[in-house]
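Engineer: fold the stuff below for me.
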Amino acid sequence: MKSSIRDKAEGTLRKAKGKVKEMAGKMTDNPKLETKGKAEKIAGKAQEKVGKTKKLLGK
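Structural biologist: Next up is the predicted model:
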């Protein structure tokens, strides 16, 4: 699999995991878990952007 496609897929998965953690943190009133989820979502978005950039550059 091309690195750009892999980055985009991993970024999407990471965003989904982050959203689940964030919601679980809200439901259990656990601010630490909620913060970890938000951070993971942001990291997933960044990884998706890296994948898109690689695709534009042809890598």
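Engineer: what sits against the spatially most central residue of the chain?
Structural biologist: Here the mean C-alpha position of the chain is nearest to the C-alpha of Gly44 (C-alpha atoms, centre = their mean), at a distance of 1.9 Å. With contacts defined as C-beta atoms under 8 Å, 6 or more residues apart in numbering, the neighbours of Gly44 are Glu10, Gly11, Thr12, Leu13, Arg14, Lys15, Ala16, Lys17, Gly18. (C-beta placed from N, C-alpha, C; glycine too.)
Engineer: what helix or strand is the fourth one on?
Structural biologist: Using DSSP states H and E, Leu13 falls within helix 3-27.
Engineer: now that helix: average pLDDT?
Structural biologist: Per-region confidence: helix 3-27 scores 94 on mean pLDDT.
Engineer: give me the buried stretch members for that helix, please.
Structural biologist: Ser4, Asp7, Lys8, Gly11, Arg14, Lys15, Gly18, Lys21, Glu22, Gly25 (16 or more other C-beta atoms under 10 Å).
Engineer: Lys38 is in contact with Lys19, correct?
Structural biologist: No. Applying C-beta atoms under 8 Å, one finds Lys19 not in contact with Lys38, separated by 9.2 Å.
Engineer: now name the helix or strand holding Lys38.
Structural biologist: Here Lys38 sits within helix 31-57, counting by DSSP H and E.
Engineer: next, the buried residues of that helix.
Structural biologist: Of the residues in helix 31-57, those buried under the neighbour-count criterion (16+ other C-beta under 10 Å) are Leu33, Glu34, Lys36, Gly37, Glu40, Lys41, Gly44, Gln47, Glu48, Val50, Gly51, Lys54.
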